[in-house]
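**Student:** A predicted structure for the sequence below; I have some questions about it.
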Amino acid sequence: MTKTTHKKIIYLMAGVFLLSLIPLYLLAFYAHPSVDDYYYGAETARLWQSGGGLGGVLGLARDMMAESYQSWQGNFIAIFLMRLQPGIFGEDAYAAAPLILITAFVSAMLFFYYTALRRLVGAGRLAAWGISLAISFCALQFCYKPADAFYWYNGGIYYCFFFSLSYCLLGLLILAYKARKKGARISAVLGAVLLALLIGGSNYSTALSLAVLLASLLGLCLILGRLPGCQPPESGAARSGRLSFLPLLLVFGCLLVSLMISILAPGNAIRQAAAGESSGVIKALAYSFAYGGYSLTEGLKLPVVLLWLGLLPLFYHLSRRLSGQYPRPLLVLLYTFGIYASQGTALFYAQGLRMPPRMSNIIYFNAYLFVAFNLFYLCGWLRRRYPGNLLERLTEGLMQDGKRLLRFALLMGLAFSLACLGLWQVSEKEEGGAAFEVQPLSVSAAYSLLIGEAAQYDRDMKARHEYLSVQPEGAAVAVLPLRAYPPALTHSEITEDPDDFKNQHLAIYYHLDSVVLKEE
């Protein structure tokens, strides 16, 4: 394939990727607060509305973070951000929440995969962009529950946002070893240290699994005397290879310090007592491995399977650029699966077999890294152990014939598109007519915009906000149900039970005695 043709394919992929973001960003302007947004934003919203100013709001969020640390939970950075949900500055300002969450996710995914492919694997720019775009596109489009990841601030900022920061940290760590200029390496280390301090105070799923990953890399440094694939550019006789792990050690230490501050919070014991007895270490580990296997298989939708099949020859081709021996692929698979499964251990230990969708999202996102790494490693092992194997012949046939490679790319693209259509579900509405449940996410968002359900949801939520805002403090209020529930936008709805926690959060936000849902 000529470089011009290669560029055209990557430009086409980038164009599709950017176009797919348009309905997602447009849908952001129809988003509204939900559930915990109301609970954590109640005091900061009242202060802002009374003229407290941004400085006062930030100070109150800091004070309430300290109070929560003592009385409920230790995730101090996450709790601080929860108090600043954009809706406190006005109902229309809530659109900033999905704009921030989507942009952070897309930027982090592209940055990490591109950096890893370029700096660690030695892939060319076009190949690195192609793989990064393909993986990021699928992770975004087939998200487990998009509303909880991108359109609900409280759930998204607690999980998806810090997941994004963790990928930025890993990308910066790679640059800390592989950047050509000393200043760039120092800046990367400082950036990674800052992110480590923030992530340590976030959700335990991200913080603990990242700590396990960094500890594993440190173990490799101690065993091998260096970090595989990350020998500093200026390393030589005057520089000991065993010093190469210092940036990694610094980042890991900062993450561990921040995480321990979060774990040792007095409020954690209070919350654990309210949640009930812990499930114990053995059950937590069993649940973690079981859910890890489930999440991997659940995420392997047909389009995603086609993604990996399409990338397999390219992985095999790129594995030639590394000189490693790729020993014991089964052991590597099991160990990396353990790191992957560890994401659920903290939650299963504290609350038993429970998995909120907002957390399932980030486990699903990490499945792409798990599969990509192990496929690449397996390709390297096959190339070393069984030269001339079927995959090698297929790869050589594609790489030596530009037209054949182009046909393969177009065929996989067509198959991918048809597989996406196969995910659509068509049913009959109660009042007659067809109802569509569509994927990918961008198609679902565009569909909600086109048929007007996003606009209807927006009107109903604004009407509810205006009605509740003028009710006398301490009143018992009933509100009408929503007339539309766009799948990508709707996290949950209140109920007819005033003691339901969702109803109570809404009542707290508007300073009412109770709020219930009534029939229209």
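**Tutor:** Now that the structure is in, tell me what you want to look at. Numbering: from 1, shown residues only.
**Student:** in a strand, that's where V515 is, yeah?
**Tutor:** Yes - under DSSP: H, G, I helix; E, B strand; the rest coil, V515 sits within a strand.
**Student:** Touching, it and I508? I think so.
**Tutor:** No - judged on C-beta atoms under 8 Å, V515 makes no contact with I508 at a distance of 9.6 Å. Where you see a C-beta, it was placed from the backbone N, CA and C, and this is true even at glycine.
**Student:** okay, those two: which has more neighbours?
**Tutor:** Taking neighbours as other C-beta atoms under 10 Å, V515 and I508 compare with V515 leading, 26 against 16.
**Student:** bridging residues for that one?
**Tutor:** In this entry, V515 is beta-bridged to V477, by DSSP bridges.
**Student:** secondary structure class for the closest residue to K178 other than its chain neighbours?
**Tutor:** Once flanking residues are discounted, K178 sits nearest to R119: 3.9 Å by C-beta to C-beta, 6 or more residues apart in numbering. Recorded secondary structure, R119: helix (three-state DSSP).
**Student:** Please report the distance of R119 from S288.
**Tutor:** Computed as C-beta to C-beta, to the nearest Å, the R119 to S288 distance reads 31 Å.
**Student:** V305 too?
**Tutor:** As judged by C-beta to C-beta, V305 and S288 stand 24 Å apart.
**Student:** And for P329, nearest residue in space, chain neighbours not counted?
**Tutor:** Closest to P329 by C-beta to C-beta, 6+ apart is W381, at 4.5 Å.
**Student:** doesn't the one you found fall inside a strand?
**Tutor:** No - using three-state DSSP, the secondary structure at W381 is helix, not a strand.
**Student:** Correct me if wrong: it contacts L330.
**Tutor:** No - with contact defined as C-beta under 8 Å, W381 does not count as touching L330 (9.5 Å).
**Student:** neighbour-wise, which of the two wins?
**Tutor:** Higher neighbour count among W381 and L330: W381, with 19 against 9, using other C-beta under 10 Å.
**Student:** Pull the contacting residues for that one.
**Tutor:** Y326, P327, P329 (C-beta atoms under 8 Å, 6 or more residues apart in numbering).
**Student:** could I get these as JSON lines with neighbour count, distance to D92 and pLDDT?
**Tutor:** JSON lines is the format used below for the contacts of W381 (neighbours: other C-beta atoms under 10 Å; distance: C-beta to C-beta, whole Å; pLDDT from 0 to 100):
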{"residue": "Y326", "neighbour count": "18", "distance to D92": "54", "pLDDT": "84"}
{"residue": "P327", "neighbour count": "11", "distance to D92": "57", "pLDDT": "88"}
{"residue": "P329", "neighbour count": "16", "distance to D92": "53", "pLDDT": "92"}
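**Student:** can you pull out the strands in the chain?
**Tutor:** 425-428, 434-437, 476-479, 514-517 (DSSP state E).
**Student:** Packing partners of the third one?
**Tutor:** When contacts are defined as 3 or more C-beta pairs under 8 Å, 6 or more residues apart in numbering; DSSP states H and E, strand 476-479 packs onto helix 453-469, strand 514-517.
**Student:** change it to 6 Å
**Tutor:** Applying 3 or more C-beta pairs under 6 Å, 6 or more residues apart in numbering; DSSP states H and E, one finds that strand 476-479 contacts strand 514-517.
**Student:** Let me see the mean pLDDT of the strand it packs on.
**Tutor:** Here strand 514-517 scores 93 as its mean pLDDT.
**Student:** Tell me which residues are up against that strand.
**Tutor:** A476, V477, A478, P481, I494, T495, E496, P498, N503, L506, A507 (C-beta atoms under 6 Å, 6 or more residues apart in numbering).
**Student:** need the residues you listed in TSV with distance to Y364 and neighbour count, can you?
**Tutor:** Converted to TSV, the contacts of strand 514-517 look like this (distance: C-beta to C-beta, whole Å; neighbours: other C-beta atoms under 10 Å):
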residue	distance to Y364	neighbour count
A476	41	12
V477	38	19
A478	38	12
P481	30	15
I494	27	24
T495	28	14
E496	33	12
P498	35	18
N503	30	21
L506	29	26
A507	33	24
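**Student:** Among the residues you listed, which one lies nearest to A446?
**Tutor:** For these, the closest approach to A446 (C-beta to C-beta) belongs to P481, at 25.3 Å.
**Student:** What are the neighbouring residues in contact with that closest one?
**Tutor:** Shown in contact with P481 (C-beta under 6 Å, 6+ apart): L517.
**Student:** I'd like the distance between it and F348.
**Tutor:** On the measure of C-beta to C-beta, P481 and F348 end up 35 Å apart.
**Student:** any idea how far the residue nearest to A207 when sequence neighbours are not counted is from L394?
**Tutor:** Distances taken as C-beta to C-beta, 6+ apart place L259 nearest to A207, at 4.9 Å, with adjacent residues excluded. To L394, L259 is 45 Å away according to C-beta to C-beta.
**Student:** next one: A66
**Tutor:** Distance from A66 to L394, by C-beta to C-beta: 60 Å.
**Student:** Next, please give the residue ranges for the helices of the stretch 301-450 of the chain.
**Tutor:** Ranges of helices within the stretch 301-450 of the chain are 302-318, 329-341, 345-351, 357-385, 390-399, 402-421, 441-450, based on DSSP state H, counting those that start in this stretch.
**Student:** Let me know which of the ones you listed is the nearest to L110.
**Tutor:** It's helix 357-385; of the helices of the stretch 301-450 of the chain, that one is closest to L110 (C-beta to C-beta) at 12.5 Å.
**Student:** Hey, what's the angle from the closest one to helix 390-399? Just curious.
**Tutor:** Helix 357-385 and helix 390-399 are oriented at 90 degrees to each other (axes from the mean of the first three to the mean of the last three C-alpha atoms, to 10 degrees).
**Student:** Pull the distance from helix 357-385 to the chain's centre.
**Tutor:** On the basis of C-alpha atoms, centre = their mean, to the nearest Å, helix 357-385 sits 15 Å off its chain's mean C-alpha point.
**Student:** Specify the angle between it and helix 302-318 in degrees.
**Tutor:** Relative orientation of helix 357-385 and helix 302-318, computed by the same axes, to 10 degrees: 40 degrees.
**Student:** Which residue ranges make up each domain of the chain?
**Tutor:** 95-417, 425-520 (automatic domain parsing).
**Student:** ok so, going back, from S132, how far out is the residue nearest to K178?
**Tutor:** Distance, R119 to S132, using C-beta to C-beta: 13 Å.
**Student:** Tell me which of these two has more neighbours.
**Tutor:** More crowded of R119 and S132, by other C-beta under 10 Å: S132, with 23 against 19.
**Student:** who's in contact with the more buried one?
**Tutor:** By C-beta under 6 Å, 6+ apart, the neighbours of S132 are L110, Y113, Y114.
**Student:** residues near the residue lying closest to it once chain neighbours are set aside, how many?
**Tutor:** Nearest non-adjacent residue to S132, counting by C-beta to C-beta, 6+ apart: Y113, 3.9 Å away. If you count neighbours by other C-beta under 10 Å, Y113 ends up with 24.
**Student:** which intervals of this structure have sub-threshold pLDDT?
**Tutor:** Within the chain, the ranges that satisfy pLDDT under 70 run 1, 225-244, 428-435, 520.
**Student:** Tabulate the contacts of S132 (JSON lines), appending distance to F408.
**Tutor:** Formatted as JSON lines, the contacts of S132 follow (distance: C-beta to C-beta, whole Å):
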{"residue": "L110", "distance to F408": "24"}
{"residue": "Y113", "distance to F408": "21"}
{"residue": "Y114", "distance to F408": "23"}
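**Student:** Contacts only, for L173.
**Tutor:** Residues in contact with L173 (C-beta under 6 Å, 6+ apart) are A192.
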